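Q: For reference, the sequence and a predicted model appear below.
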Amino acid sequence: MIFRISRSCFSSISVKLPSFKVHHLELQQLPKTATTTSSELLAYYKSMQLQRRMEIACDNLYKQRLIRGFLHLADGQESIYEGLHAGLTYDDCVITAYRDHCIALLRGDTPHQIIAEMMAKQTGSTKGKGGSMHYYKKATNFYGGHGIVGAQIPLGTGLAFAQKYLKKPNVTLIMFGDGAANQGQLYEAANMAQLWHLPAIYFIENNLFGMGTSIDRASANTKFYTRGDVIPGIQIDGNNVFQVRETLKFAKKHCLEKGPIFIEAMTYRYHGHSMSDPGVTYRTREEVQQQRKTRDCINYVKNIILENKVADEHQLEEIDNSTQNEIDIAVEQAKVDPVPPSTELTTDVYVDNENHFIRGILYKDSVLPKSQ
Amino acid sequence: MLRIAHKLRCGFAKMTVREAINSAMAQEIERDSNVFLIGEEVGQYQGAYKVSKGLYDRFGKSRIWDTPITEAGFTGLSVGAAMYGLKPIVEFMTFNFAMQAIDHVINSSAKLNYMSAGGLKTSIVFRGINGAAAAVAAQHSQCFAAWYSQVPGLIVLSPYDCDDARGLLKAAVRNPNPVVFLENEIMYNEAFEVPENVMDKDYLIPIGKAKVMREGKDVTIVTFSKMVKYSMLAAAELEREGISCEVINLRTLKPLDRNTIIKSLQKTHRVVTVEEGWGQCGIGAEICSIINETNAFFHLDAPVVRVTGVDIPTPYAFNLEELSFPKTHNIVEAVKLVLK
């Protein structure tokens, strides 16, 4: 990675952005640099370390069988989530599929709530009833957390529809992977978004593999940023938190003025698709190690910090330790939290659950409506 | 409101089920700015079956949305809009086409309140033609009542007449849960006399409550939608033979009003269920099981008799189609069977 840094007298640091690839857009519309500060750099570093360590902790817990079912980890992709957090606000909506822990973290859940949810505890984000793939937070406009590949795309388009309907000055970030990018419902939704000028950002996290299938084996056209056809598109380095941030700021402006946009963020996941996938049958260990050595998104920020003497190795190590400590405490707390009470089995089926009949395993065990 | 219905005599008007649905939608769209109608041809075309006639001219393109032919896309979009807080009425031209969107009805909408532990909800209505029409053949004639009724988190309604159509649709729009609203194309043209209170802008029918259309003491007929008509005709015919039938119009398929059914059978001791859909795992099957599992079983003097559609994809030929679905004479025969 090559970057040119300069420091102004207000301690703002200028970072040169990698090049963009564009579709139906002019390159000169996009910024060439981003500005940051010492405190911002350290905040990004700390937050991305927290994400990283939370994901690794989940890996350990899964291997101890304290987390069960499906677990899709996002370590390696933290800069995307940090960038979206920096580039958008809590009034902008975010929706994604099942690789959603880091977004839940950045949209207001604590590591304890997130880990407790996966450990199926009552104190989890969704009372233990959702699990790894189902985090939501209405208050910060985070709409999940969806298990069906591609389903989040029309849903997110509907969020953008609602924002426009209600005349909000906000956008919806619709996140999906290179695998989901071939889903028909993407094209159905994007078509309506373009027809109706909806403020929808179609954001493709291209980590080169849809489960075990490389992009070359799945997509006739792997230039995902062009797949919106008449919709403009941009390809960026998703492992560069600044490029993600600046691109989303640009995208927000574009969406509010003109309509939808496609953004393809190149990235890499260190884990396999999920915990049942070792991730080395369709790619080599050497490739994974090479990515870690040369393209790690946290190291990128670390190098800027060190180069600009914002902090030294020792100080960064302290941040590493404090984030690890924060995660460890969350894990220990979650371990002793209670599981949901059995009464939670039949709650939340309906909004007005007390008005409804819920059948039990035997008829006699059914829950009757309050009126009966 | 009475402008689209024909005033007959003091306090009554005559309107078709189509007009009833139209008027209910118009009132709800007028009442709540977050309610909108979305679907294929609902706007400028005035509705594929003219159910939304006049709404586009009255409310405009910001409230009545014409979509491309993309059920998965526009259904998902509508569920997403409902997640944000809007209240869509999604029209499926027929529920046969909704199969392309069913993931969004079930996985994105019905299960959401539970998965999110109450964090997100979708107040949304999915409405359209269900079941057989006439000569539209296999892919356009399926009844989906059983499929949707099975799903926790969904409310499933099926109106018969104008009273049902107005009261249930308005209740559906105002309900905070996702509602599947199964209409019937043949019933669209049927006209009914409607008392003035039914035309009121706040006329609502309670969800989960069946209606006794006709009281009787010998047999209970439990049914819904178009089959209510044939059941009533059968009951009239049987009356002439001295057999008194109680006809229950379910109105709501989920939650099923088991209490009304049980109360009736405690009086008559014999039950016939009537549905247009296929028998296996159908609404009649569920009613049999409900009776079986409760003390109501011991009030039966005979096993429940089910009247269902034939277990076939619907044929095109008129004479074969006539043999595919229950008619009045089948219901008469069933009543006599249960009385034997």
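A: Cool, the structure landed. Numbers count the residues shown, from 1 in each chain, chains lettered A, B, ... in the order given.

Q: CA atoms for contacts and neighbours, from now on please.
A: Will do.

Q: helix/strand/coil for the spatially closest residue to residue A:86 that is not a sequence neighbour?
A: Excluding its sequence neighbours, the residue lying closest to residue A:86 (CA to CA, 6 or more residues apart in numbering or on different chains) is residue A:245, at 5.8 Å. Using DSSP: H, G, I helix; E, B strand; the rest coil, the structure places residue A:245 in helix.

Q: Could you do the one 10 residues further on as well?
A: Three states are possible here, and by three-state DSSP the one that applies to residue A:255 is helix.

Q: again with residue A:230
A: coil.

Q: quick one: average pLDDT of the helix or strand hosting residue B:187?
A: Applying DSSP states H and E as the criterion places residue B:187 in helix B:185-188. In this model, helix B:185-188 has a mean pLDDT of 98.

Q: Now it: buried residues?
A: B:185, B:187-188 (16 or more other CA atoms under 10 Å in any protein chain shown).

Q: Let me have those residues in CSV, extended by distance to chain A.
A: Formatted as CSV, those follow (distance: CA to the nearest CA, whole Å):
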residue, distance to chain A
B:185, 28
B:187, 29
B:188, 30
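
Q: Considering those, which is situated nearest to residue B:304?
A: Proximity of the buried residues of helix B:185-188 to residue B:304 was ranked by CA to CA; the top entry is residue B:187 with 27.2 Å.

Q: I figured the closest one was touching residue B:160, is that so?
A: Yes. In this structure residue B:187 lies within contact range of residue B:160 using CA atoms under 8 Å: 7.4 Å.

Q: which neighbours do those two share?
A: Shared contacts of residue B:187 and residue B:160 (CA atoms under 8 Å, 6 or more residues apart in numbering or on different chains): residue B:226.

Q: residues touching residue 156, list them.
A: Assuming you mean chain A. Applying CA under 8 Å, 6+ apart, the residues near residue A:156 are A:94-95, A:172-174, A:200, B:77, B:80.

Q: The chain in question should be chain B.
A: B:145, B:148-149, B:179-182, B:252-255.

Q: now residue A:366
A: Contacts of residue A:366 by CA under 8 Å, 6+ apart are A:357-360.

Q: Report how many residues lie close to residue B:239.
A: 13 (other CA atoms under 10 Å in any protein chain shown).

Q: for the record, mean pLDDT for stretch B:86-101?
A: 98.

Q: May I see the buried residues of that stretch?
A: Neighbour counts using 16+ other CA under 10 Å place B:86-98, B:101 of stretch B:86-101 among the buried residues.

Q: need the residues of chain A near chain B, please.
A: Where chain A comes near chain B, counting by CA under 8 Å from any CA of the partner chain, the residues are A:126-127, A:129-130, A:134-138, A:143, A:146, A:148, A:151, A:153-162, A:165, A:185-186, A:188-189, A:192, A:347-352, A:356-357, A:363.

Q: those strands in chain A, which residues are they?
A: If DSSP state E is used as the criterion, the strands of chain A fall at A:5-7, A:12-16, A:21-23, A:33-37, A:93-95, A:172-177, A:200-206, A:209-210, A:213-214, A:233-237, A:261-266.

Q: Turn these into JSON lines, including mean pLDDT.
A: Shown next, in JSON lines, are those (pLDDT from 0 to 100):
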{"stretch": "strand A:5-7", "mean pLDDT": "49"}
{"stretch": "strand A:12-16", "mean pLDDT": "96"}
{"stretch": "strand A:21-23", "mean pLDDT": "98"}
{"stretch": "strand A:33-37", "mean pLDDT": "97"}
{"stretch": "strand A:93-95", "mean pLDDT": "98"}
{"stretch": "strand A:172-177", "mean pLDDT": "98"}
{"stretch": "strand A:200-206", "mean pLDDT": "98"}
{"stretch": "strand A:209-210", "mean pLDDT": "96"}
{"stretch": "strand A:213-214", "mean pLDDT": "96"}
{"stretch": "strand A:233-237", "mean pLDDT": "98"}
{"stretch": "strand A:261-266", "mean pLDDT": "98"}
